[in-house]
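Chemist: coordinates only, sequence not included:
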C-alpha cells in the first residue's frame with residue numbers, strides 16, 4: 001500500500017470512528033501526501049455509505065451518527081476553500097434536505113458537498129423535515145433548485161405527498177425540484193424529474209443548469 005492510499009485509509013478509519021480531530025488531521029496529511037480534493041471527497045462519500053449500511057443493521061445509534069457527522073464536517077472544513085471556488089461554476093443556489101430519511105442530516109451534509117464540488121452553491125438543510133418545511137426553508141433561502149431526499153420505504157407515496165405539497169403551495173413556479181427517490185418503480189408516473197441516486201441527481205441538475213444558462217444567453 002502506498003503512502004497516499006494509507007493516508008486515505010486512515011481518514012476513513014477516523015470518519016467511521018467519529019473522531020473529528022483525527023479526521024481533520026488526516027485530511028491535511030492526505031493532502032500533504034499528494035491526494036486531490038476530489039479523492040478526499042470520494043473518501044468521505046465512501047465512508048458515509050459504509051456508515052449508512054451499518055446503521056441499517058443497528059450498529060450506529062444516534063450518538064455515533066452525530067459523531068460521524070462532526071467528523072465529516074471537520075474534514076469538509078479543510079476542503080472549504082476548494083468547495084467555495086468550485087461552487088461558483090453555475091451561479092445556481094441549491095438546497096438539499098431529507099424528508100423522513102434515517103440519518104438524513106449526515107446524508108444531506110455529504111450530498112451538499114458533492115453538489116458544491118460539481119459547481120452549485122449548495123446548502124444542507126440538515127435534520128429531516130416535512131415536505132412543507134423543506135419547501136418553505138428553500139424559498140426563504142432563495143433557492144433555484146431543491147433536492148429532496150426521500151426514504152426508500154413507500155417511496156412512491158412519499159413522492160406523491162411531496163408533489164401535492166409542491167403544487168398546493170405554488171412552489172413549483174419558484175424553483176426546480178429534483179427528488180432523489182431510491183427504489184422508485186419505473187412504472188410510477190411523476191410530474192417531476194426524478195433521480196434514483198445522488199450521482200443521477202447531480203447529472204440531471206447539471207443538465208438543467210446548462211439548459212438554464214443557454215436560455216439566458218450564457219456560454
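Modeler: Here it is on my side, so go on. The shown structure was predicted, so the numbers you read here are calculated from the model rather than taken from an experiment.

Chemist: What is the top helix by length along the chain packed up against?
Modeler: The residue-count maximum for a helix in the chain (DSSP state H) belongs to helix 37-56. Contacts defined by 3 or more C-beta pairs under 8 Å, 6 or more residues apart in numbering; DSSP states H and E place helix 37-56 against helix 3-17, helix 20-32, helix 62-78, helix 104-117. C-beta here means a position set from N, CA and C on the backbone, and glycine is covered the same way.

Chemist: and that helix, how far out from the chain's middle?
Modeler: In terms of C-alpha atoms, centre = their mean, to the nearest Å, the centre of helix 37-56 is found 12 Å from the chain centre.

Chemist: contacting residues for the most centrally placed residue in the chain?
Modeler: In the chain, the centroid-proximal residue (C-alpha atoms, centre = their mean) is residue 111; its distance is 1.4 Å. Counting by C-beta atoms under 8 Å, 6 or more residues apart in numbering, residue 111 touches 96, 124, 147, 149, 180, 198, 201.

Chemist: Need the nearest residue in space to the fourth one, chain neighbours excluded.
Modeler: Taking C-beta to C-beta, 6 or more residues apart in numbering, and ignoring the residues beside it in sequence, residue 149 has residue 98 as its nearest neighbour in space, at 4.3 Å.

Chemist: Restricted to strands, list the contacts of residue 111.
Modeler: 96, 124, 147, 149 (DSSP state E).

Chemist: I'd like to know how many residues surround the second one.
Modeler: Applying other C-beta atoms under 10 Å, we find 23 other residues in the vicinity of residue 124.
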